[in-house]
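# Build the 3D model from these lines:
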Amino acid sequence: MKILILGAGKMGSFFTDLLSFDHDVAVLEKDPKRMRFIYNAVRMSSPEEIREFAPELVINCVSLNYTIDAFKAVLPYLQPYCIISDIASVKTGLQEFYQTCGFPYVSTHPMFGPTFANLGNLSKENTIIIAESDHLGKVFFKDLYTMLKLNICEYTFEEHDKVVAYSLGIPFASTLVFASIMKHQDAPGTTFKRHMKIAHGLLSEDDYLLTEILFNPRTPNQIERIQEQLTILLDVINRKDAAAMKEFLTRVRKNIE
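Residues are numbered from 1 along each chain as shown. Model prediction:
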């Protein structure tokens, strides 16, 4: 299969490495520095080069801010049968774009990244395929993700963004709050060190990724839930109410069973 990958960042490079030995892969990337570690694939720097390659599938791996713009830049050079796809972490605006673009599409979201995941063993990781996607596109990505031993879930566009606001928005916001009040510790405890490791990993991610997760229209409601629980906890601590603290801890333990 001829596959065009848009963007040679972390995930673009991951998909290039993954697919280039079984498919004809090309990568479109404007920044030549990002192409330094792209092997076994055709390198492109301008959309005009796409027409001759004639891809059957496009995987858009640019950051969410530029996802739709990247699609618009390449659509004039694609054959009508080409399936276009994204791996965006927030799907806001994409459903409307796909419905009017005139191309078959498939939208997925690998729920892992190169920072935390062991890309050599993804058997404990998850991925989402959007239910409204084109059948053939879903078959391709289901086969690909099954090969990687990922747990595959199928959600609608709406369901996806709700899940992301909960499963990514809450830990992202919590980690950022933790990191925002940090200062150097000469003798950190084990729990502190584990939190710091998570914080370092999160903050090594691209700013656009963090922003697009937190700017998900459904994220503020989740952050409000954090604020509510902090208010409750602070009140219990200030009152030194042991019974209330036991009740709070019991409820929290039950949440994570």
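
# I'd like the distance between F15 and K246.
49 Å (C-beta to C-beta, to the nearest Å). All C-beta atoms are positioned from the backbone trio N, CA, C, and that covers glycine.

# how many other residues sit next to I256?
5 (other C-beta atoms under 10 Å).

# on that earlier part again, compare F15 and K246 (neighbour count), which wins?
A direct count of neighbours by other C-beta under 10 Å for F15 and K246 places F15 higher, at 20 against 11.

# Can you list the buried residues in the helix or strand harbouring that one?
In the assignment (DSSP states H and E), F15 maps to helix 10-19. Across helix 10-19, burial judged by 16 or more other C-beta atoms under 10 Å covers 10-17, 19.

# Pick out whichever of those residues sits closest to C153.
Set against C153, the nearest of those by C-beta to C-beta is M11 (18.5 Å).

# doesn't I87 make contact with the closest one?
Yes. With contact defined as C-beta atoms under 8 Å, M11 and I87 form a contacting pair (6.1 Å).

# Residues that sit against both of these two, list them.
61, 110 (C-beta atoms under 8 Å, 6 or more residues apart in numbering).

# mind listing the strands in the protein by residue range?
For the chain, applying DSSP state E gives strands covering 2-6, 24-28, 42-44, 57-60, 83-86, 105-110, 126-130, 151-155.

# Could you export the ones you listed as a markdown table, including distance to D206?
What follows is the strands of the chain, written out as a markdown table (distance: least, C-beta to C-beta, whole Å):
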| stretch | distance to D206 |
| --- | --- |
| strand 2-6 | 15 |
| strand 24-28 | 18 |
| strand 42-44 | 22 |
| strand 57-60 | 15 |
| strand 83-86 | 16 |
| strand 105-110 | 15 |
| strand 126-130 | 19 |
| strand 151-155 | 24 |
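
# a markdown table please, covering those and showing mean pLDDT and mean neighbour count.
Shown next, in a markdown table, are these (pLDDT from 0 to 100; neighbours: other C-beta atoms under 10 Å):
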| stretch | mean pLDDT | mean neighbour count |
| --- | --- | --- |
| strand 2-6 | 98 | 24 |
| strand 24-28 | 98 | 24 |
| strand 42-44 | 96 | 17 |
| strand 57-60 | 98 | 24 |
| strand 83-86 | 98 | 26 |
| strand 105-110 | 97 | 24 |
| strand 126-130 | 97 | 21 |
| strand 151-155 | 97 | 15 |
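
# Need the CA coordinates for stretch 246-257. PDB is fine.
In PDB, the C-alpha atoms belonging to stretch 246-257 read as follows (Å, rounded to 0.1, in the frame of the first residue of the first chain):
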ATOM      1  CA  LYS A 246     -11.400   8.200  57.100                       C
ATOM      2  CA  GLU A 247     -14.600   8.500  55.100                       C
ATOM      3  CA  PHE A 248     -12.700  10.500  52.400                       C
ATOM      4  CA  LEU A 249      -9.900   7.900  52.100                       C
ATOM      5  CA  THR A 250     -12.500   5.000  52.000                       C
ATOM      6  CA  ARG A 251     -14.300   6.700  49.100                       C
ATOM      7  CA  VAL A 252     -11.000   7.300  47.300                       C
ATOM      8  CA  ARG A 253      -9.900   3.700  47.700                       C
ATOM      9  CA  LYS A 254     -13.200   2.500  46.300                       C
ATOM     10  CA  ASN A 255     -12.700   4.700  43.300                       C
ATOM     11  CA  ILE A 256      -9.500   3.000  42.300                       C
ATOM     12  CA  GLU A 257     -10.500  -0.600  42.900                       C
END
